[in-house]
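J.: Next input, structure requested:
(one chain, ligands or ions: 1)
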Amino acid sequence: MTSQTNNTIIVYSTTWCPDCKRAKQFLGEQRIPYINIDIEQDPEAMAYVEKVNKGSRSIPTIIFPDGDILVEPSNAQLAEKVGLKTEAKRNFYVNHAVKEFKGNGRLQAIVVEDRATGELKEWQYDGVFVFIGLTPNSQLAQSVAETNQWGFVVTDKALMSSAPGLFAAGDVREGSTKQAAAAAGEGVTAVLMMREYLKEVG
Ligand SMILES: Cc1cc2nc3c(=O)[nH]c(=O)nc-3n(C[C@H](O)[C@H](O)[C@H](O)COP(=O)(O)OP(=O)(O)OC[C@H]3O[C@@H](n4cnc5c(N)ncnc54)[C@H](O)[C@@H]3O)c2cc1C
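T.: Take a look at the predicted model:
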């Protein structure tokens, strides 16, 4: 097990960890040599990662020749560390409205309107990500419970709002992670907390 660097970056990873794959792909694409150590195949490496991360198996843990350590770094952090300049490879268009999705079974192009000129443009894409914003539908709660400046329902640790017996879970809750799995988990938690509340109030 190599626990300290000579002149090479060392990536402590596993075969399945998505962040490890991303970091290694980034280093590979930038032609930056590194040594990969699969901590699941190397107990000493596992122990080393735990030591570096105060008992946690946080990966990728990446050791640089100067002794610096980055744990679960973003590509931007990696780029900064190895002295690369990062630039967006795509153009960003503002004041354009999507008017049409074109394709035959699969997306082939989108038609957008330049709102400033009215000009219609067709761009060839095979995928889109729809971002619809995060305005919470919390009107139901707003008159009875505390909501924050954006309308998200404020809850305590038990997911109860400021109105006793009114619980909030998922995207509508202040501080929620806006992820499907988390929302489902919060729903379950809220139900369990409701049961406790009902026991208390009798
Ligand atoms: C485009 C997009 C992509 C996403 N991708 C991912 C992803 O890849 N992974 C991931 O984990 N998460 C993703 N999310 C987030 C995920 O969808 C949400 O975190 C999750 O759906 C939140 O669940 P929820 O039950 O809190 O809210 P919602 O799913 O929004 O459900 C709330 C429901 O309440 C209903 N409702 C609202 N007001 C009322 C009312 N007054 N009376 C009755 N019913 C009402 C709504 O119609 C809705 O059905 C994505 C979201 C979007 C928009």
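J.: List the buried residues for the longest helix belonging to the chain?
T.: Longest helix in the chain by number of residues (criterion: DSSP state H): helix 180-201. Neighbour counts over helix 180-201 (16 or more other Cβ atoms under 10 Å) mark 183, 186, 190, 193-194, 197 as buried. For the C-beta atoms, the positions are set from N, CA and C on the backbone; glycine is no exception.
J.: do that helix and the ligand meet at all?
T.: Yes. Counting by Cβ under 6 Å from any ligand atom, the ligand has neighbours in helix 180-201: 180-181, 183.
J.: I'd like the average pLDDT over that helix.
T.: Averaged over helix 180-201, pLDDT sits at 97.
J.: now stretch 147-166
T.: The pLDDT scores in stretch 147-166 average 97.
J.: circling back to that earlier point, just give me the closest of the buried residues of helix 180-201 to the ligand.
T.: residue 183 (3.4 Å; Cβ to the nearest ligand atom).
J.: Over to the residue in the chain that the ligand sits nearest to: give its phi and psi.
T.: Among the residues of the chain, residue 170 lies closest to the ligand, at 2.1 Å counting by Cβ to the nearest ligand atom. In terms of degrees, to the nearest 10, the main-chain angles of residue 170 are phi 90, psi -160.
J.: That one against residue 189, yeah?
T.: No. Assessed by Cβ atoms under 8 Å, residue 170 is found out of contact with residue 189, at 10.5 Å.
J.: Please identify the helix or strand for residue 37.
T.: In the assignment (DSSP states H and E), residue 37 maps to strand 34-38.
J.: what's whichever helix or strand comes after that strand in contact with?
T.: From strand 34-38 onward toward the C-terminus, using DSSP H and E, the following helix or strand is helix 43-52. For helix 43-52, the external contacting residues (Cβ atoms under 8 Å, 6 or more residues apart in numbering) are 1, 3, 12, 37-40, 56-59, 61, 69, 71.
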